[in-house]
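>>> what follows is a predicted structure for the sequence shown.
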Amino acid sequence: MLKIYFSAEDILRTRVAPAADPVWELVLSLHLLPGRGRDPLLAGWRRSVTRGLREGSDSAGLRLLLTLNPPRGYFPDFLTPYQSMSGFEAGMEAVRSTPVALLQRDLALLAAGSSLPAGAAPLARGEPETLRDLTGAMERYRGLAIDPYWTRIQAAVEADRARRARALLDGGVEGLLGSLRPAMRWESGVLEIRDYPHSRELHLGGRGLLLVPSFFCASTPVALLDPALPPVLVYPVDRLGGLLPAPGEGGGVGTPDPGREALAALLGRTRAAVLAASDDGCTTGEVARRLNISAAAASQHTTVLRNAGLLVSQRDRNTVLHTLTPLGRSMLNS
């Protein structure tokens with residue numbers, strides 16, 4: 001179990017990351033890649049990425065990247081720097097600038113549980129060429145495993161952010177932390193992650209906590225091992241139907257666009273009004289009240305919009321919250 005202790009100052013400084021973090025998504029996706037397809041939402045993605053990796057298996061940087069990210073257990077903190085909150089390039093620059101002492105410590109921890117390849121020795125010495133090879137491999141893997149699916153990843157994370165924003169407005173930061181159940185439990189100033197693989201305590205010490213919603217995070221939230229680093233907790237979001245590449249990306253010639261036919265159904269003022277009502281997140285009941293239509297009609301319209309890829313819908317107990325996908329927002333703002 002992981003227990004995170006909050007002071008009053010920590011509660012004031014706790015926040016949710018502003019968007020999907022491309023570096024965290026990249027690293028956590030590597031941990032899910034070796035699975036046997038038990039999650040049907042990721043099966044097609046896993047097959048496509050594995051095929052692409054086989055075609056590019058000659059890269060020493062890629063082999064090192066895979067070794068640094070075993071499917072279970074520890075992985076180095078330096079691969080997910082705090083700077084990645086500002087974007088992928090900022091994260092890669094932070095990885096290339098990792099202090100040698102941190103590289104050596106992280107690799108020693110990793111070596112305690114698995115053997116490291118020869119490329120780990122120059123990495124531990126902080127040799128710039130090896131660090132460039134590593135971040136180059138991360139960039140190539142991103143193009144294969146993350147970029148073609150980024151719209152879906154963003155949509156799932158944005159839907160979760162809308163849910164957390166509503167919890168924050170209704171109940172303050174304690175309402176936000178309480179909304180993280182069942183993966184976590186908030187009680188009396190302590191956030192507990194019961195399924196965490198090790199017994200740990202983390203005292204925030206007035207620094208607050210950055211909550212990072214993640215598509216590729218497995219069922220258990222992830223925290224950095226080093227308590228001296230800025231406190232980060234990555235937690236899983238609802239995958240909202242799984243992964244499909246954006247039209248023209250990663251699907252190959254002849255791959256059908258599942259939203260094309262559904263988009264043809266988006267005619268009429270009522271559905272446009274439903275789309276606009278969902279701009280800041282809206283439940284089915286709120287849609288019905290705002291537009292003066294029945295709950296059944298509101299449900300029907302949101303279903304059409306969701307099937308067209310313009311809305312995502314997430315159930316929270318007895319309500320369903322609808323939020324815009326990036327495509328839906330683009331259509332609304334066009």
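Received the coordinates, thanks.

>>> surely A90 meets R96?
No. Counting by Cβ atoms under 8 Å, A90 does not reach R96; the two are 11.0 Å apart. Glycine gets a C-beta too; all of them are placed from N, C-alpha and C.

>>> lowest-scoring secondary structure element of the protein by mean pLDDT?
helix 260-263 (a mean of 46; mean pLDDT, DSSP states H and E).

>>> how close does the most far-flung residue of the chain relative to its centre get to M331?
Among residues of the chain, the one most distant from the C-alpha centroid is N292; the distance is 35.9 Å, by Cα atoms, centre = their mean. Summarising the geometry, the distance separating N292 from M331, computed by Cβ to Cβ, to the nearest Å, is 23 Å.

>>> what of G309?
Distance, G309 to M331, by Cβ to Cβ: 10 Å.

>>> ok, the two, which is more surrounded?
The neighbour comparison of G309 against M331 (other Cβ atoms under 10 Å) goes to G309, with 25 against 18.

>>> so the more buried one sits in a strand?
No. Residue assignment for G309, taken from DSSP: H, G, I helix; E, B strand; the rest coil, gives coil, which places it outside any strand.

>>> contact partners for D21?
With contacts defined as Cβ atoms under 8 Å, 6 or more residues apart in numbering, D21 is in contact with 84-85, 91, 212, 214, 234.

>>> can you pull the contacts of R200?
The contact partners of R200, by Cβ under 8 Å, 6+ apart, come to 1-3, 223.

>>> if you set the cut-off to 10 Å instead, what comes out?
Neighbour list for R200: 1-4, 193, 223, 225, 227 [criterion: Cβ atoms under 10 Å, 6 or more residues apart in numbering].

>>> ok, of these, which come out buried?
Applying a neighbour-count criterion of 16 or more other Cβ atoms under 10 Å, the buried members of those are 2, 4, 193, 223.

>>> all strands for the stretch 101-250 of the chain, in order.
Taking DSSP state E, counting those that start in this stretch as the criterion, the stretch 101-250 of the chain contains strands spanning 185-187, 190-193, 200-203, 210-214, 222-223, 232-236.

>>> for G119, which of those strands is the nearest?
Of all these, the one in closest proximity to G119, counting by Cβ to Cβ, is strand 222-223 (24.7 Å).

>>> and that closest one, what does it pack onto?
Under the contact definition 3 or more Cβ pairs under 10 Å, 6 or more residues apart in numbering; DSSP states H and E, strand 222-223 sits against strand 2-5, helix 22-32, strand 232-236.

>>> rerun at 7 Å
strand 232-236 (3 or more Cβ pairs under 7 Å, 6 or more residues apart in numbering; DSSP states H and E).

>>> ok, F88 touching V23?
Yes. Between F88 and V23 there is a contact at 6.2 Å, judged by Cβ atoms under 7 Å.

>>> the two: which is more packed in?
Looking at F88 and V23 with other Cβ under 10 Å, you find the greater number of neighbours at V23, namely 23 against 18.

>>> closest to D147 among the contacts of R200?
Proximity of the contacts of R200 to D147, judged by Cβ to Cβ, is greatest for A223, which lies at 26.8 Å.

>>> helices along the stretch 51-200 of the chain, start to end?
Defined through DSSP state H, counting those that start in this stretch, the helices belonging to the stretch 51-200 of the chain, from first to last, are 60-68, 88-96, 100-111, 120-124, 128-145, 150-178.

>>> could you dump the ones you listed to a markdown table with distance to A43 and mean pLDDT?
Output for those, formatted as a markdown table (distance: least, Cβ to Cβ, whole Å; pLDDT from 0 to 100):
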| stretch | distance to A43 | mean pLDDT |
| --- | --- | --- |
| helix 60-68 | 20 | 87 |
| helix 88-96 | 26 | 95 |
| helix 100-111 | 29 | 94 |
| helix 120-124 | 32 | 92 |
| helix 128-145 | 14 | 93 |
| helix 150-178 | 15 | 89 |
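
>>> what would the ones you listed look like in a markdown table with distance to A276?
Output for these, formatted as a markdown table (distance: least, Cβ to Cβ, whole Å):
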| stretch | distance to A276 |
| --- | --- |
| helix 60-68 | 43 |
| helix 88-96 | 32 |
| helix 100-111 | 48 |
| helix 120-124 | 51 |
| helix 128-145 | 34 |
| helix 150-178 | 15 |
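
>>> can you give the domain ranges for the protein?
Recorded structural domains for the chain (assignment: automatic domain parsing) are 2-17+151-236, 22-148, 260-333.

>>> please look at F6 and L204 and confirm they touch.
Yes. Counting by Cβ under 7 Å, F6 sits close enough to L204 to count as a contact (5.9 Å).

>>> who's more crowded, those two?
Neighbour totals were compared for F6 and L204, and F6 leads with 24 against 19 (other Cβ under 10 Å).

>>> next up, the contacts around that one.
Going by Cβ atoms under 7 Å, 6 or more residues apart in numbering, F6 touches 189, 191, 204.

>>> the first one: how many residues sit nearby?
This points to G189. In terms of burial, G189 registers 14 neighbours under the definition other Cβ under 10 Å.

>>> got it, and R15?
Close neighbours of R15, defined as other Cβ under 10 Å, add up to 14.

>>> what do you get for L28?
21.

>>> doesn't C217 make contact with it?
Yes. With the criterion set as Cβ under 7 Å, L28 and C217 qualify as a contacting pair; they are 5.3 Å apart.
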